[in-house]
Every structure is written in structure tokens, then in C-alpha cells.
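**Q** Got a predicted structure plus its sequence, pasted below:
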Amino acid sequence: KAGVTQTPRYLIKTRGQQVTLSCSPISGHRSVSWYQQTPGQGLQFLFEYFSETQRNKGNFPGRFSGRQFSNSRSEMNVSTLELGDSALYLCASSPSDRPMNTEAFFGQGTRLTVV
Amino acid sequence: AQKVTQAQTEISVVEKEDVTLDCVYETRDTTYYLFWYKQPPSGELVFLIRRNSFDEQNEISGRYSWNFQKSTSSFNFTITASQVVDSAVYFCALLNYGGSQGNLIFGKGTKLSVKP
């Protein structure tokens, strides 16, 4: 069974540019969540999607957006990149939108560096 | 307020030593869930355990064991006879009942280095 696939694995962008990150969940999983991980702030929740609907959103500016497609694949977009957006972006997939019932499986992340 | 504190930022041990990673949480809810995740150098978070607030029984899985004590709001993780492959960052997380994935509150993590 294939795991959670995130592409690309590494990305270098310039300030002011925009970036799109992709996450393909495990087959059959309908819930996808995104997290930003930085040394200073740790793991911070970005979004959660279930069956193409955004169920939850973290405390991030409007430059961060996301969506989920009918095949459960998800993308997140960051516009007008800032140096502080440099981070590891992790995607998690789960068959349910209730993590107390099931475990979430994480991808290896996309390492974004903004220069 | 909900909060997870992992006071140990980094721990270094020699192989075969036992090591305990501390996790202290704060929540006003009576029903909640606690998790431990492992993040190896490859980056993905690997689920280790989920425990609900009504189950204070300690759990053992191979070399891993967890000690849940509601009286001290702690959910500590012990690795017995540590191995080099245990080197990773370990995260403790809290979820209140009814919360979705986005409501998981993670601690800052403890980086464990196991030296041969």
C-alpha cells in the first residue's frame, strides 16, 4: 500500500514568488491535513480537508490557501512568499476526519526554502 | 487553555541505555486523547500510540512503554535498551474529544540521539 506522497520534496523560491505543494493521500483516505514545521514555532496546523471541503483552518494569513480534489489529492498554495515561510510542510492523510478513531499517516514533507 | 509541554529539548544517550521522554499537558476537558509521534531524519511523522483519558493503564509495545498519569497530567514515553535507530524527534500531542485533525496540539518535540 503506497504511503502519503508529497511533491516536490525540496523547493527553493525567491521572496515574492508563489508556490504550490502537492499531497497524494493513501488510497481510500478522504481526510488530508497540512502542517508547517519550523524550528521556532514547531508544528503548526494549516488546513484540514475532508471530501473536498475545508473543515478547519489554522491561524495563518490569507496568503496560505489550499484545496482538495475529488480524488482526495490536495494542494496548498502560498502567494507572495516571505523569508519566514521557509519550513517543512507536512501533509497527513486519514480515512476519517476524527483522529481519535484512526491514526493519521504523514508524508515526508516538502522542504521549502525562501531566499 | 490547551497546551503540551515537552521540557526536554534534546537528549543524548548511549546505545542500550533506557531513556524517558517527558510530556505534560494542560486541558480543561475531561475527555481527551494523547498521542506520541516519531519523526526520523526522513521527515515523516510516524504514529506510535493513541490513549484516551479514561484509560490510565500503562502500555508496553516491545521496547516502548508509556506511563499515563492523570493526577500529574503527564504521558511519559520510555524506550528500553535504546538503539541507534531510535534517534529521532519525538512529539507528544493532545486532542480534545470531538476535535478534528486540526485540533491536535503538538509539543515542541524532544530530539533523541542514541550513540553507538
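**A** Okay, I see it.
**Q** Which parts of the chain are strands?
**A** Using chain A. Ranges of strands in chain A, per DSSP state E, are A:5-7, A:10-13, A:19-24, A:31-38, A:42-50, A:53-57, A:64-68, A:74-78, A:87-94, A:105-106, A:110-114.
**Q** wrong one, chain B
**A** Counting by DSSP E, one finds strands in chain B at the ranges B:3-5, B:10-14, B:19-21, B:24-26, B:32-39, B:46-52, B:59-61, B:64-69, B:74-79, B:88-96, B:105-106, B:110-115.
**Q** Describe which strands the fifth one pairs with in its sheet and in which direction.
**A** Right, strand B:32-39. Taking DSSP bridges as the criterion, strand B:32-39 sits next to strand B:46-52 (antiparallel), strand B:88-96 (antiparallel) in its sheet.
**Q** Turn those into a markdown table, columns for mean pLDDT and mean neighbour count.
**A** Where C-beta positions appear, they are placed from N, C-alpha and C, glycine not excepted. As requested, these are exported to a markdown table (pLDDT from 0 to 100; neighbours: other Cβ atoms under 10 Å in any protein chain shown):
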| stretch | mean pLDDT | mean neighbour count |
| --- | --- | --- |
| strand B:46-52 | 91 | 16 |
| strand B:88-96 | 93 | 23 |
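**Q** if we can go back for a sec, what's the closest of the strands of chain B to A:Tyr49?
**A** Taking Cβ to Cβ, strand B:88-96 is the member of the strands of chain B nearest to A:Tyr49, at 17.8 Å.
**Q** export the closest one as CSV, just CAs?
**A** Once non-C-alpha atoms are left out, strand B:88-96 reads as follows in CSV (Å, rounded to 0.1, in the frame of the first residue of the first chain):
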residue,chain,number,x,y,z
ALA,B,88,14.6,10.9,16.0
VAL,B,89,12.5,13.8,17.2
TYR,B,90,9.6,12.6,19.3
PHE,B,91,6.4,14.6,19.6
CYS,B,92,3.6,14.4,22.2
ALA,B,93,0.2,15.7,21.1
LEU,B,94,-3.2,16.4,22.7
LEU,B,95,-6.7,16.3,21.2
ASN,B,96,-9.9,17.1,22.9
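**Q** what separates it from the chain centre, distance-wise?
**A** Relative to the centre of its chain, strand B:88-96 is centred 5 Å away, using Cα atoms, centre = their mean, to the nearest Å.
**Q** could you give the angle of that strand to strand A:31-38?
**A** Relative orientation of strand B:88-96 versus strand A:31-38 (axes from the mean of the first three to the mean of the last three Cα atoms, to 10 degrees): 130 degrees.
**Q** Tally up the residues packed near B:Asp29, please.
**A** Taking other Cβ atoms under 10 Å in any protein chain shown as the neighbour definition, B:Asp29 ends up with a count of 14.
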